[in-house]
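> With the input below, show me the fold.
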Amino acid sequence: MQSATPKTAIVRTNLNNILAIPHPMSLMAFKSVVPVAVIPDGIDWGDGHLVKFVFLFLITKQDYTNTEHIYDLLLELMDQIDKQEQILSHPCFDHFMSVTENLTVVS
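Numbers count the residues shown, from 1 in each chain. Model (predicted):
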């Protein structure tokens, strides 16, 4: 007997072997926030790669058009192995913020 509940396909949300951005399928947040998990030993994201940074995007409909800058910063972080290593060596909030505040998005 089949379940009456429809199954939802889960799509991989890792951008590369080190960074993942899980997010709701619709813009349903009441407040825009981007919680971050820094996992120095990594976590298997289901494809055998150890993701070490997880950015959970919770964005309101009103803020959606402003997310391009956040994506640009994440792409920049993906390209800068030294910055990743700095964060992973000392995974606390203040250190994470000091390293990411110095990221420069090149247009």
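
> Now do the SS call for Ser98.
helix (DSSP: H, G, I helix; E, B strand; the rest coil).

> what's the neighbour count on it?
As a burial measure, Ser98 scores 13 neighbours (other CB atoms under 10 Å). In this view, the C-beta of every residue, glycine as well, is placed from N, C-alpha and C.

> can you pull the pLDDT of it?
As predicted, Ser98 sits at a pLDDT of 93.

> Kindly report the same for Pro40.
pLDDT, read off for Pro40, is 95.

> Okay, it and Gly48: tell me how far apart.
Pro40 is 18 Å from Gly48, where distance means CB to CB, to the nearest Å.

> Okay, strands next: where are they in this protein?
Counting by DSSP state E, the chain has these strands, from start to end: 19-20, 36-44, 50-55.

> Could you find the closest non-adjacent residue to the most centrally placed residue in the chain?
Nearest to the geometric centre of the chain sits Phe55, at 2.4 Å (CA atoms, centre = their mean). Closest residue to Phe55 apart from its sequence neighbours, by CB to CB, 6 or more residues apart in numbering: Ile21 at 5.0 Å.

> Phe57 is in contact with that neighbour, correct?
Yes. Assessed by CB atoms under 8 Å, Ile21 is found in contact with Phe57 at 5.7 Å.
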